[in-house]
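K.L.:
next come a sequence and a model predicted from it.
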Amino acid sequence: MRGQTFLGAIALGLLAAGAYVGLVASPPDAFQGEYVRIMYAHVPNAWVAYVAFAITCVASALYLAKRTPVYDYIAHSATELGVVFTGLALVTGSIWGRPVWGTWWTWDARLVTTAVLFFIYLGALLVRGLADDPRRGARLAAVVSIVGFLDVPVIHYSVVWFRTLHQPASLTRGDIKIAPPMLAALLLGLLAFTVLFAYLLTLRIRLARAEDAGEAA
Amino acid sequence: MKRARLVLAAVLVVGALLYLIIGGIRGAIVYYTTPSELLAQGASAVGRSMRLGGQVAPGSKKWNAQTLDLRFVLTDGTASIPVVHHGAPPDLFTEGQGAVVEGTYGSDGMFTAHAIIVKHSEQYAPPASP
């Protein structure tokens, strides 16, 4: 519990530092001007969504194999957070797209596959809720979560495989297309959101465990 | 009651997924056609609703603030297509940058756009100091 509060404090500190570097200390972009700062929140949200669903996928597979409740607590918690962060990635992307592209939404492969991801895992949560037997719901949600994870590599490579409006990755192995002060803001954002996610995940798992214990009692 | 709400939610989610998949197949795999591809299609391209993408040719942008008439040329380096649009372009629309236009290609070789979208690269850098 103490460790959890400590993790939360670190997340808060990193987010404050990220906000300062992203909004104040880093320079505007030559083409986009100040709008580029939205990237320092947008990319971390998408990254955390990937991480969350990767955890969901692994925990779901372990749950199906071993049927130990703890794996389901993890899968359920990571799914919920993943849906929230996918939603945030879509919203921040939309807010970024309006001034820079000139549109809130368009039928681009990256955008569509990300929206599909949002609905796949929303569907996983629904399947869980619809089942009469919670264990059956957990199993069905695990199957949806494992199959649904196939969408993550499709999203990631959509900008390479398809001709898209969305720009390709700026950080690839051996190739960094971001000026150092802006890269620092982006990396700090990634770190801050990852720690925030870790904090929220531990909280949510604790809640899932407590809920289960409460129902059993 | 809880069950009815969940069923309604499930219908909404499946509906949204179908909407995305259908919309996606229609346009997402190839987001835009290039000027070379459009010219290669010849007469079959005329009148069809599509997206055309390329670079705004330097020196080609003509904007009339009185009539709201915008004209420019989209190029992919090999082929070029003149575009006409009624209305102001997005803020970041500039010559030498990427743009995608939605509209139809006319038999006169002019592309009439009803929407303009700016495409930017994955390069980020502060403005060059003067």
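P.N.:
Received, thanks.
K.L.:
stretch A:36-48 near chain B at all?
P.N.:
Yes: shown here: stretch A:36-48 in contact with chain B (C-beta under 8 Å from any C-beta of the partner chain) through A:Val36, A:Met39. Yep, even glycine has a C-beta here, placed from its N, CA and C like the rest.
K.L.:
please compute how far that stretch lies from its chain's middle.
P.N.:
10 Å (C-alpha atoms, centre = their mean, to the nearest Å).
K.L.:
could you report the distance from the residue of chain A found nearest chain B to B:Pro58?
P.N.:
Nearest residue of chain A to chain B: A:Gly102, at 2.9 Å (C-beta to the nearest C-beta). When C-beta to C-beta, to the nearest Å is the yardstick, A:Gly102 and B:Pro58 sit 20 Å from each other.
K.L.:
so those two - more neighbours on which side?
P.N.:
A direct count of neighbours by other C-beta atoms under 10 Å in any protein chain shown for A:Gly102 and B:Pro58 places A:Gly102 higher, at 19 against 12.
K.L.:
what packs against the helix-or-strand element of chain B with minimal mean pLDDT?
P.N.:
Lowest on mean pLDDT, DSSP states H and E among the helices and strands of chain B sits helix B:2-27, with a mean of 75. Helix B:2-27 makes packing contacts with helix A:109-130 when contacts are defined by 3 or more C-beta pairs under 8 Å, 6 or more residues apart in numbering or on different chains; DSSP states H and E.
K.L.:
residues near the residue of chain B found nearest chain A, how many?
P.N.:
Nearest residue of chain B to chain A: B:Pro90, at 2.9 Å (C-beta to the nearest C-beta). Residues lying near B:Pro90 (other C-beta under 10 Å) number 17.
K.L.:
show me the contacts for it.
P.N.:
Taking C-beta atoms under 8 Å, 6 or more residues apart in numbering or on different chains as the criterion, B:Pro90 is in contact with A:Pro99, A:Trp101, A:Gly102, B:Ile116, B:Ile117, B:Val118.
K.L.:
now swap in A:Phe193 and tell me
P.N.:
Here A:Phe193 is in contact with A:Leu15, A:Gly18, A:Ala41, A:Pro44, A:Asn45, A:Trp47, A:Val48, A:Phe85 (C-beta under 8 Å, 6+ apart).
K.L.:
just among these, which is most surrounded?
P.N.:
Neighbour counts for these (other C-beta under 10 Å) peak at A:Pro44, which has 28 neighbours.
K.L.:
settle this for me: it is touching A:Leu187, isn't it.
P.N.:
No: assessed by C-beta atoms under 8 Å, A:Pro44 is found out of contact with A:Leu187, at 9.6 Å.
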